[in-house]
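> Below is the sequence, then the predicted model.
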Amino acid sequence: KQEVTQIPAALSVPEGENLVLNCSFTDSAIYNLQWFRQDPGKGLTSLLLIQSSQREQTSGRLNASLDKSSGRSTLYIAASQPGDSATYLCAVHGSSNTGKLIFGQGTTLQVKP
Amino acid sequence: DVKVTQSSRYLVKRTGEKVFLECVQDMDHENMFWYRQDPGLGLRLIYFSYDVKMKEKGDIPEGYSVSREKKERFSLILESASTNQTSMYLCASSQLTGFTEAFFGQGTRLTVV
């Protein structure tokens, strides 16, 4: 059974710092991996989708990488800002491509001014 | 701009009531999903649908049913609401094939008293 783990559960950094959020999964047979942002009490906003054939995706200050063989993904945030404070979730789409997502527990990020 | 819209942000219902949560997407997606999110348990899949009138159970379907009469609309039904169904409910949609990025609604915070 696929399991997704995100470490650390919480992270606090000063503004301007570059940071890396980690996501690991137990079954490397995934269809793709998606990173989301969630603000308190709100829904999920899609940040990046990495297809299984890709190694990384970039959007603005965000860069996500995928290493299927080791079961790992990282989300790199450059020059962090207080507005980046949120919970970041990674989710894997299983190999059968039913579209079902299996989520990690998330990393709650606080960027201090 | 893609959109998944949930009918209510907040709901308060009484134990035993029949509750309907509605979700509409404007992206012509085949897949639609209902998740619930609870502290410490993360997001868990309740039901999903990959076509009109089709439905499949997720990980925690007990106490819930769904309806998909039109492609753009997916309803979650709590047949007889109970206090342990107090939760954040999130609807999502995605394409069936290809670039299967999932998009989420803003969430419905349901409180059963």
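Nice, I can see it. Residues are numbered from 1 along each chain as shown, chains lettered A, B, ... in the order given.
> what's the pLDDT at residue 58?
You didn't pick a chain, so chain A it is. Among the per-residue scores, A:T58 shows a pLDDT of 96.
> wrong one, I was asking about chain B
B:G58 is assigned a pLDDT of 92 by the prediction.
> can you check B:G98 too?
67.
> just the one 3 residues further on next, same as before
Confidence per residue is given as pLDDT, and for B:E101 that number is 90.
> In space, what's closest to it - neighbours in sequence excluded?
A:L49 (4.4 Å; Cβ to Cβ, 6 or more residues apart in numbering or on different chains). For every residue, glycine as well, the C-beta is placed using N, CA and C.
> Sticking with the one you found, tell me its helix or strand.
Following DSSP states H and E, the helix or strand that holds A:L49 is strand A:44-51.
> Using CSV, write down the CA coordinates of that strand.
Only the C-alpha atoms of strand A:44-51 are listed here, as CSV (Å, rounded to 0.1, in the frame of the first residue of the first chain):
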residue,chain,number,x,y,z
LEU,A,44,-6.0,23.2,-1.9
THR,A,45,-4.2,25.2,-4.6
SER,A,46,-2.2,23.3,-7.1
LEU,A,47,1.4,24.4,-7.3
LEU,A,48,3.2,21.9,-9.6
LEU,A,49,2.5,18.6,-11.2
ILE,A,50,5.5,16.4,-12.2
GLN,A,51,4.7,13.6,-14.5
